[in-house]
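Enquirer: Below is the sequence, then the predicted model.
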Amino acid sequence: MTWPDAIQEIIDEFQEIDDQFERLEVLMDFSSEVNELPFEEWNDSNLVKGCQSIAHIEVDIRDEKVWMKAAADAKMVQGLQGILSIAVNGSSPETVLKLTPNFAEEAGILVSLTPSRSNGFRTMFDMVQTRVKEAM
Amino acid sequence: MKAEFPIFQRLVNGKKLVYLDNAATTQKPSCVIDAMSEYYSSSNSNVHRAVHTLAGEATEGYEACRKLLKQRYNCDYAVITSGTTEAINLAARAWGECNLKSGDAIVLTEMEHHSDIVPWQMLAERIAIELRFVPVENGKLDMDALDVALEGAKLVCVVHTSNVLGVRNPVEDIISKAKAVNARVLIDAAQAVPHEMIDFKELGADFLAFSAHKMCGPTGIGALLISENAFAEMQPFMGGGDMIETVTLQGSTYQSNEHKFEAGTPRIAEGFGWAAALEWISKVDLESHHVRLLEIARKVAKQLTEKGMTVYSTLNPGDAAVVSFTHPSIHPEDFARLLDAQGIAVRTGHHCAQPLMDKLGVNGTIRASFYLYNDESDASNFLSGIDRVLEAMA
């Protein structure tokens, strides 16, 4: 499958790493890509349900582009949110709705995670798409 | 001892396996795996009623498990269940529903596993019984509060050894106090029987629940040991094959022994496996291993504290070798995942004891639990793994 360049770069970066520990370190590095949702804006409506750790995502559409803010208590979840941010931020709503979460599998990101975490990624991905649909 | 456990031959994430999730489940020696495989290869058949050779072998092997349980733990009645959870649910349904009425009180503790809370909450919803919880203070049960809670209580349910903290509760005192008010006593011994020998009659409890898989046996099988008096007060709650004496369209009569609580085809292969595990563990000096492992756990706890962790386990004499801890800023799941990447298996989360987590003021902990095959090298590899995590997260 052909992915947007930014996603393909992530896939390539992960595929080059053999060591699990390093893979997780790289995942956590992506936490710096998150536009942080301030703590005072955390609420039930932006809480990611079904995620084992605490995670929040807020999605806005400005100038016909998608922008996401997020926060989580676990660094690896923040990393997943960072990757998701790269995948969606600045894209048109139509482009975001065409995305599938499969790129994370292709990159081998989810292999490094427990089922609850990889399900959590899909839950966050679905939440972003749902919010985009609602805002359109 | 690790040579007897095939799983230690594998690598996890390219690293030698350091298995410290024993409070969740233990690894299986070859003899257990072989016994289950041998049953399916050579004796597979349903138990009890048929007269053919295979059925005879299956029955003999399965019932050998019950016989070994009765011998090892000195009890008259051993109902085989799917594990501790089903054992406690069985007590709640087969004893609780028949002997408790609206307004009666049950004493529990804040240290209980969800398996020893939820069945009683469900019973309380059905027959409006009162649940009294003995508080935990500094990792120990508040025994003064127990005295108050016991007044007029009909049943006391208490965990022998905490799966979160490893704390061994003074069950002998608790049973003695409960008996003084004529209350029946259920002991959740899931974390106890793997670490110490228990003489059920000498202990004086009415119910003792535990699982095979925490003592090197298979998953999916456990037992509820029952005192003679309590057994006489119980009625079957699950009907079906194997538990009946006669069935007519007008009604049925039940078996008089443990089978009346074991409707349906039992876990036969697991029975063979557990019997093998019981024979295997009977050759192990649990007491000396317990002392050895507690010493290892104490050293680990000390070093974790020195590295900035908060350790919740007290590791007093008699406690299980369980080290529950948190780091001031690293999320337990991140911590455990980074350990797993180094081949180190620990557990994180609330450990099915959310009320205790609330009491400790945390959402979850990281738990390293040691068992018979663990040694100093596991502790050393674990601590090196911790160092690498701390370095990566600095």
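Expert: Looks like it arrived, so ask away.

Enquirer: List the buried residues in stretch B:34-42.
Expert: B:35-36, B:38-39 (16 or more other CB atoms under 10 Å in any protein chain shown). No exception for glycine: its C-beta is placed from N, CA and C like everyone else's.

Enquirer: Name the nearest of those residues relative to chain A.
Expert: Distance to chain A, by CB to the nearest CB, is smallest for B:Met36 among the buried residues of stretch B:34-42, at 26.1 Å.

Enquirer: which SS class is that closest one?
Expert: Following DSSP: H, G, I helix; E, B strand; the rest coil, B:Met36 is assigned to helix.

Enquirer: Kindly report the same for A:Asp18.
Expert: coil.

Enquirer: per-residue pLDDT, it?
Expert: Note on A:Asp18: pLDDT of 89.

Enquirer: what number of residues lie near residue 68?
Expert: Just going to use chain A. Applying other CB atoms under 10 Å in any protein chain shown, we find 23 other residues in the vicinity of A:Met68.

Enquirer: Let me rephrase: I mean chain B.
Expert: Counted with other CB under 10 Å, the neighbours of B:Leu68 add up to 19.

Enquirer: next one: the one 3 residues further on
Expert: Around B:Gln71 sit 12 other residues, with neighbours defined as other CB under 10 Å.

Enquirer: That one: which element?
Expert: Per DSSP states H and E, B:Gln71 falls inside helix B:53-73.

Enquirer: Ok, A:Ile61 next?
Expert: strand A:55-62.

Enquirer: near chain B at all, that strand?
Expert: No. Figure legend: strand A:55-62 not in contact with chain B (CB under 8 Å from any CB of the partner chain); closest approach 11.2 Å.

Enquirer: Same check on stretch A:22-30?
Expert: Yes. Stretch A:22-30 lies within reach of chain B by CB under 8 Å from any CB, at A:23-25, A:28.

Enquirer: Need the buried residues of stretch B:34-42 in CSV (columns: pLDDT and distance to B:Gln9).
Expert: Output for those, formatted as CSV (pLDDT from 0 to 100; distance: CB to CB, whole Å):
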residue, pLDDT, distance to B:Gln9
B:Ala35, 98, 19
B:Met36, 98, 19
B:Glu38, 97, 21
B:Tyr39, 97, 24
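
Enquirer: so where's the chain uncertain?
Expert: Just so you know, I chose chain A. The model of chain A has pLDDT under 70 over residues A:1, A:50-52, A:110-118.

Enquirer: mind listing the helices for it?
Expert: Under the criterion DSSP state H, chain A carries helices at the ranges A:5-15, A:20-29, A:75-88, A:93-98, A:102-106, A:115-135.

Enquirer: residues of the helix or strand where B:Leu131 lies that come out buried?
Expert: Assigned by DSSP H and E, B:Leu131 belongs to strand B:130-134. Residues B:132-134 are the ones in strand B:130-134 that count as buried (16+ other CB under 10 Å).

Enquirer: Thought B:Leu338 was touching B:Arg388, still the case?
Expert: Yes. Applying CB atoms under 8 Å as the test, B:Arg388 and B:Leu338 come out as touching, 7.5 Å apart.
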